[in-house]
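K.L.:
A structural model of the following input is requested.
(one chain, ligands or ions: 1)
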Amino acid sequence: VKKREIGPGTYLYPLPTLLVGAQVEGRPNYITIVYSGIIQHAPPMISVTMGKSHYTGVGIRASGSFSVNIPSEKMVEVTDCIGTYSSSQIDKCGLFKAFYGKLENAPMIEECPLNLECRLADTLDYGGQSITFVGEIVAVYAKKEALTKGFPDIEKIRPIIFSIHDNNYYSLGTLIGRAWQAGKGYTQR
Ligand SMILES: Cc1cc2nc3c(=O)[nH]c(=O)nc-3n(C[C@H](O)[C@H](O)[C@H](O)COP(=O)(O)O)c2cc1C
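P.N.:
Residues are numbered from 1 along each chain as shown. The predicted structure is shown next:
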């Protein structure tokens, strides 16, 4: 089998579409991002990467905190709107009901099923047009309807899945197996 080399790129599938919130000049601001990743399990750390010029990043630096909000698929239009227009073009503040947690200055989105409240731990700059903020997740807030037995349920959250480079949003697929179960006995077959 001969593979075709297609050049370097950020081809990672699937990417969750996220809304990052930060306080900018005393008001909540939001940015849609897909460049995000879990850094480690404990203490729980997450990274969010955004263009250096974005308003939300200015707020993260100034306040030392941010939120990562997971919109559900029924929020696809407002999520796309937040990612299409900058705060210099529209007032994003009024698009959501904001609430605050223990850090008191990381605006979180009431309408999203899941919210991660983050304290800025590190800033990474690899010299490009983007900057990466690493945050410690200090608290998680969930809508009751998004939980099963007290834990987030992906089928209830119904995240918006992003396909990089063709710029399409997808809905969640089907359950195909259980982790730490599906591979049991595989080598004996
Ligand atoms: C689906 C989607 C994904 C996006 N992902 C990112 C991203 O990972 N990083 C980024 O800097 N901008 C991303 N953007 C663009 C920003 O959301 C957009 O430029 C936004 O207007 C910035 O808002 P602000 O300047 O008010 O902070 C994305 C936009 C969309 C629609």
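K.L.:
so how many other residues sit close to Ile176?
P.N.:
Residues near Ile176, counting by other C-beta atoms under 10 Å, number 6. All C-beta atoms are positioned from the backbone trio N, CA, C, and that covers glycine.
K.L.:
endpoints of stretch 153-164, how far apart?
P.N.:
Using C-alpha to C-alpha, to the nearest Å, one end of stretch 153-164 lies 24 Å from the other.
K.L.:
residues making contact with that stretch?
P.N.:
For stretch 153-164, the surrounding residues in contact (C-beta atoms under 8 Å, 6 or more residues apart in numbering) are 9-17, 34, 70-76, 79, 113-114, 145-148, 168-172, 175.
K.L.:
buried ones in it?
P.N.:
By neighbour count, and taking 16 or more other C-beta atoms under 10 Å as the criterion, the buried residues in stretch 153-164 are Lys156, Ile157, Arg158, Pro159, Ile160, Ile161, Phe162.
K.L.:
the ligand next: which of the contacts of stretch 153-164 are close?
P.N.:
Thr17, Val34 (C-beta under 6 Å from any ligand atom).
K.L.:
reformat the buried residues of stretch 153-164 as TSV; add secondary structure.
P.N.:
What follows is the buried residues of stretch 153-164, written out as TSV (DSSP: H, G, I helix; E, B strand; the rest coil):
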residue	secondary structure
Lys156	helix
Ile157	helix
Arg158	coil
Pro159	strand
Ile160	coil
Ile161	strand
Phe162	strand
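K.L.:
from the residues you listed, which are also near the ligand?
P.N.:
When the buried residues of stretch 153-164 are filtered against the ligand using C-beta under 6 Å from any ligand atom, the residues retained are Phe162.
K.L.:
what is the nearest of the buried residues of stretch 153-164 to the ligand?
P.N.:
For the buried residues of stretch 153-164, the minimum distance to the ligand (C-beta to the nearest ligand atom) is 5.4 Å, reached by Phe162.
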